[in-house]
Structure formats: structure tokens, C-alpha cells
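Engineer: when you get a sec, could you give me coordinates for this:
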Amino acid sequence: MAATAAQGERREPYIGEKRRFMRDGYGTYVYENAFFRYEGEWMKGKKHGHGKLLMKDGTYYEGQFVNGEINGHGYKFFASSEAKYTGQFLNGEMHGHGIMNYKNGNIYEGQWYKNKKQGFGILRTGERSVYEGSFQSHCREGEGTQTYDSTYKNLSNGDRFEGFWVMDQRHGHGELWCADGSHYVGQFLSDLFNGEGTMTHASGIVYQGMWIDGYPVTMATKLVLIVEEQPLIIRQGLPFSVRVECRNDNDEIVPEQGREIQVMAGFKYRTPKEGSALFDVIEDVEDKPIPTPFGYDVVPYPLTDQAFDVEVTMDAVDAKADGDGKLEEDGDEKGEEEGEEEGLEEMGELKEAIEDIANVPAEASADEKDGPQEGSRPASPEQQAQEAGVDEGAATTAAAADSKPEGVSALLPPAKTQPSLLGVCEWHTLQLAPPPPMYRPFVIMEEEAGQKKKSRIAQMREKMGEGEEEGEKAVSDVAEEWDEVEKSVADAETSADENRENEKVEAQDLKQKLTVSYVDETEVQDDSERKNSQLGGPAVKASQEPDKSTVSDEKVARTGEYILIVNDVTNPPFMGCRLEPAFLMLKLKRPKRVIVKKPKTSKK
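Structural biologist: Sure, this is the predicted structure:
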């Protein structure tokens, strides 16, 4: 009974057509281990023709069978990887031409050998990433062309390599065309530039030589400014030259071609002090301050390589006309000492302070407050600013903002960038251009100078006040001494007869001396009163008017210390990096003094 039940549950492994007790025709066969199941055509007991072989994990093949083996064209689905292959098979393996579609979207179409990509094929690994060439054991090997996209390492969309490969890496001779326009032709090793090669960079740089691990052997690492002396001393109105070299860590010039170098100038960055009239106006600078190795930041100052015709006229340049008009430069021993300009500047400030004391009233009278007196000149912008409580320098600069220098454009074109030639750049006609209107460092300097001038004026007025008190005390002392003389004269008249004449003579002499001293002190007092009356008077001579020239009106750069800066502005950066900027102190001086000799005249 049990045996009969077991026999009833037993199923026939094959269901289908037969011939001479053999599977022949169409049928389905389930293998004993239940791992395989075949459904398709049979011939003489073997799978032959078109059929479908299913595996228990979900993998299956559908296609041609020959004498029980997978041979010919077919389709196979891999359950574990979800890859799909369509192509030729041999003895159950992918062999011959076929197309594999991977789950991640990659597609390979080409030759296969025993389930491996081998021979010529095309592998698409991205929207634009395509390899077309030889394969060996699934790897790119031999000659082939690869177009990259951004998903591969640090390469860009559209980069294309054509050359030789070993174990899926570029190896041997090849050419690389980059999407940005760069081009390399030479040797590769382990997917990097190695050996002899030439790079024509998109920026214009051309490097030809040895490469190691993707970089030039003699790659430039720094910029060096070459001048005859440091700091570089230049003169107003005269062009100067600089030379820039691209060097490596061994201080050797790297013969690069086409690295773009920019030269610019900077002036010390100043911030207005709190409480200044400009503090609320100038909250920050438009140009970001540039740090320097000299301990302070600078802001850009206009530097040009364009010639501009400006007559340099400075009070510090002494010139005297003679009959022949012959000029002779004064040598270094006649005025080129280091402190000459500083001394001239101090003298100029002192002169301005004295003129201000002589021209500006210390306290305006009630009549002057009501309006200008007859015969007086209109108040200067500085005086108007003082009356309004605004700083003198700020008012001067504001008044100058409405005026433009005559004969010179306020904004000259900046110095042009230079491409390196064998690792060297040179400029021969550089000049510091006139400052732009409202150049902030100069505006702040003018304000500080105005504050300093006002302080000097106050000090000098205070000293003059002290002098008046001393003069009054001296006159008082003379008067007391005069009274003593009068008393001694009276005493002498009533003294003994034998001494009367002698004492009279001595008293008269003393009286005469003291009278002269009193007259001198009186004259001093009168002079002081006259000066005070001038200080309080509204009238000022036209020749005593202060100089109205301001920073914005300057047609040449102001003397002082500037910073010369050179930058690597190669775009795009060569090999992904730019060289560090170089700095040089630049000292601008006035033109050299000239002496005009007068002709010698013979005495008759």
C-alpha cells in the first residue's frame, strides 16, 4: 500500500515528444537535482535546436543548443548581477561576438573569449565615456582610444586619449586631448605622464621635457623679481623696468613658454580712525587688502605701461634760468642724501602751518560771523569746513572730487600681462599712474595731515601767547627799574656836594641805557600787536593764499614707498596650481635736482 502511494507520487522527469523511446521533438525535462530545467527541442535524447535552460537561482539561457551543449547565438540573464548578454556561445561560454548590458548602465560590445572580453571591442561606461580598442582578459590592453567623462578620476567631459594600454592603464606612447584645449603627446606609465613628452596647455604654456608621475621634472614653483637694487628707487615721470623669472626650488630658470604674468603696484592700506569724518563714509575698501611679507597689507595702486605726457613741476626742484639755458644735474653728493626729501616735507609742513597762522583768524569777530567784510576774499574750502566742524582734509578731498586733472585721464590702462618666454617676462615702460579720484589711502592720509597741521597751529599760537606774556613781563620789569633810577637820581641830587656830579653822571648813563632797553621791548610789543592784529584781520594778500592742490588733482604719483607685486594669472592654472606672488619694495622719489648755471660776467 505504501509502495503503491510512493509510486503514485513519483513524477516522470520528461514530458514531451519521443521517438524510439528517446526524447525527440519538443519537451520539458527536470533534472534530478532540481537545479536545472530545460524546455525546448530535443533530438535523439539530447538538447538540440532552440531551447531554454533555467537554473534554480533565476539565471537562464535561451538560444541555440547543439548535441546537448549551448552553442551558437543566444541570450543569457545573470540573476546575481542582473547583467544581460546577447551573442555567441561555445560549449556554454560566451565566445565570439556579443553584447553585455550591465546593471549600472555600462555596455560592452565586441569580442569574447571563454567568458572574458578579449579582442576588439567598444565599452561604454558613461554618457560620454567610451573606449574603443583592444581588450585582454576583461582589461583594456593594446592600442585603443578612450573618451572620458567627469566620473573618471579628475578628467573632464570630452577628454580623449589615443595610445597604448597595459592592464587597463595608459602605458607607452599616447596623445591626450583635453576638453579645455590642452594637448599632451609623449610617454605614459601607470596611467600618468612619465618620460619624454610635450604639453601644450590651454593657457598657452608649452612645456617640453621629462615628466615624472604626471608632473614636469623641472616645473616652476616660484616667481622671482630681478632688479638692480633693492628697494627699487624710481623717479617721478620716468619709466622703469623689471624682469620676472619663473624658477624651481633649485633656483633654476624653468624654460616655460606662455605662463601669463601680471605686474601691479600697491600702497599701504590705511583705515580711518574712529571719530574721523571719514570713518562712517569709508567703512571698507572696494579692493580686498593684499597681505605682504613686509608686515602690512596694501591695496592696489594704478600701474601702467602706457606713456602719458605730464609736466612734473615740484617746489622741491630748484632751477635757475641762465643766458645759455644750460642745465646740469646735481650729483648724489649734492642733495641725494636719504633724509633730503623728509627734510623738505617737514619744511613744507612748517611753512604751511606758519601761513595758516598768518592767514587764518584765530577767532572770528562778531561782524565776520554775520558775513564777509568788504575787501576780504571768500573763505577757502578748508575754512568753510572748519566753520562747519568738518575735518580740513576731508573737505579738501571732497572739493577736489568735483574737478578732474587737466591733460591726464583719471584712469590710465593698467600694465598688460606678459606671457613668459623661456621662463622670463620683462616690462620696460612701467610708470606709477596718477591716483584715481578719492583714492582712499591718500584721502585718509590727507585727513591725518590736516589733523596734524591743526595741532601744529594750536601749538604755535600757544607759544606766541606765551611770548606775549614774556614781553609784558619784560616791559613791567623795565618800568620798575626805571622807577628805581628816578629814585636814585633824586637821592643823588640831595647828597653831598662832592659826590653830586659823579652820581648824576652815573645815574644819567644808567637811565639812558634803560631807556634804550625799554624802547626795544616796546618795539617788540608793537610787533607782536601788529601780528595779532593781522591774525584777527579779515584781509589776506593773494600771494599768501594757501595752495589748493589736493591729492585728486595730482598728475603724478605721490612720492613714498609702494609695493610691486607680480602674480601668476595663468588661466586655467597650469597643472591645476598657480605660482605664489612675488613682492618688491618700490620707492618713488622726486626728479633729481637740476642746477642752471648763470654765465660768468667779467668785471670791467
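Engineer: and residue 210, bridged to which residues?
Structural biologist: On DSSP bridges, the residues paired with residue 210 through beta bridges are residue 196.
Engineer: okay, now it: neighbour count?
Structural biologist: Neighbours of residue 210 under the rule other Cβ atoms under 10 Å: 14. Bear in mind the C-beta positions are built from the backbone N, C-alpha and C, glycine included.
Engineer: so who does it touch?
Structural biologist: The neighbours of residue 210, taking Cβ atoms under 8 Å, 6 or more residues apart in numbering as the test, are 195, 196, 197, 216, 217, 218.
Engineer: show me the shaky parts of the stretch 201-350 of the chain.
Structural biologist: 272-287, 309-350 (pLDDT under 70).
Engineer: do a quick rundown of the helices in it.
Structural biologist: For the stretch 201-350 of the chain, applying DSSP state H, counting those that start in this stretch gives helices covering 340-359.
Engineer: need the contacts of residue 210 in CSV (columns: neighbour count and distance to residue 583).
Structural biologist: CSV is the format used below for the contacts of residue 210 (neighbours: other Cβ atoms under 10 Å; distance: Cβ to Cβ, whole Å):
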residue, neighbour count, distance to residue 583
195, 13, 37
196, 13, 36
197, 21, 34
216, 20, 26
217, 11, 28
218, 18, 24
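Engineer: tell me the one of those residues nearest residue 146?
Structural biologist: Residue 146 lies nearest to residue 197 out of the contacts of residue 210, by Cβ to Cβ, at 17.5 Å.
Engineer: which residue, other than its chain neighbours, is closest to that closest one?
Structural biologist: Residue nearest to residue 197 in three dimensions, not counting chain neighbours: residue 186, with 2.1 Å by Cβ to Cβ, 6 or more residues apart in numbering.
Engineer: I figured the one you found hits residue 173, correct?
Structural biologist: Yes: taking contacts as Cβ atoms under 8 Å, residue 186 lies within contact range of residue 173: 7.3 Å.
Engineer: from the contacts of residue 210, pick the one nearest residue 13.
Structural biologist: Within the contacts of residue 210, the smallest distance to residue 13 is 64.9 Å, found for residue 195 (Cβ to Cβ).
Engineer: for residue 141, see how far away that closest one is.
Structural biologist: Per Cβ to Cβ, to the nearest Å, residue 195 is found 19 Å from residue 141.
Engineer: residue 557 now?
Structural biologist: 65 Å.
Engineer: assign residue 462 to helix, strand or coil.
Structural biologist: When classified by DSSP: H, G, I helix; E, B strand; the rest coil, residue 462 comes out as helix.
Engineer: please name the nearest non-neighbouring residue to residue 556.
Structural biologist: Closest to residue 556 by Cβ to Cβ, 6+ apart is residue 236, at 4.9 Å.
Engineer: now the one you found. Its backbone dihedrals?
Structural biologist: When quoted as degrees, to the nearest 10, the phi and psi of residue 236 stand at phi -60, psi 140.
Engineer: hang on, the earlier thing: which ones are touching the residue nearest to residue 197?
Structural biologist: Taking Cβ under 8 Å, 6+ apart as the test, what residue 186 contacts is 173, 174, 193, 195, 196, 197, 198, 211.
Engineer: what's around the nearest residue in space to the third one that is not next to it in sequence, how many residues?
Structural biologist: Spatial nearest neighbour of residue 193, excluding adjacent residues (Cβ to Cβ, 6+ apart): residue 211 at 4.0 Å. By other Cβ under 10 Å, the residues close to residue 211 number 23.
Engineer: equivalent analysis for residue 288, please.
Structural biologist: Neighbour tally, residue 288, other Cβ under 10 Å: 11.
Engineer: next one: it from residue 581, what distance?
Structural biologist: For residue 288, the distance to residue 581 - Cβ to Cβ - is 14 Å.
Engineer: you'd agree residue 91 is up against residue 68?
Structural biologist: No: with contact defined as Cβ under 8 Å, residue 91 and residue 68 do not form a contacting pair (10.5 Å).
Engineer: who has more neighbours out of these two?
Structural biologist: residue 68 (14 against 10).
Engineer: what residue, apart from its backbone neighbours, is nearest the more buried one spatially?
Structural biologist: That would be residue 46: by Cβ to Cβ, 6+ apart, it lies 3.9 Å from residue 68.
Engineer: and residue 134, by the same measure?
Structural biologist: In space, residue 134 is closest to residue 142, 3.1 Å off (Cβ to Cβ, 6+ apart).
Engineer: need the contact list for that neighbour.
Structural biologist: Contacts of residue 142 by Cβ under 8 Å, 6+ apart are 133, 134, 135, 136, 164, 165.
Engineer: show the average pLDDT along the host helix or strand of it.
Structural biologist: Element membership for residue 142, per DSSP states H and E: strand 139-147. Average pLDDT, strand 139-147: 94.
Engineer: right, I'll call it a day here.
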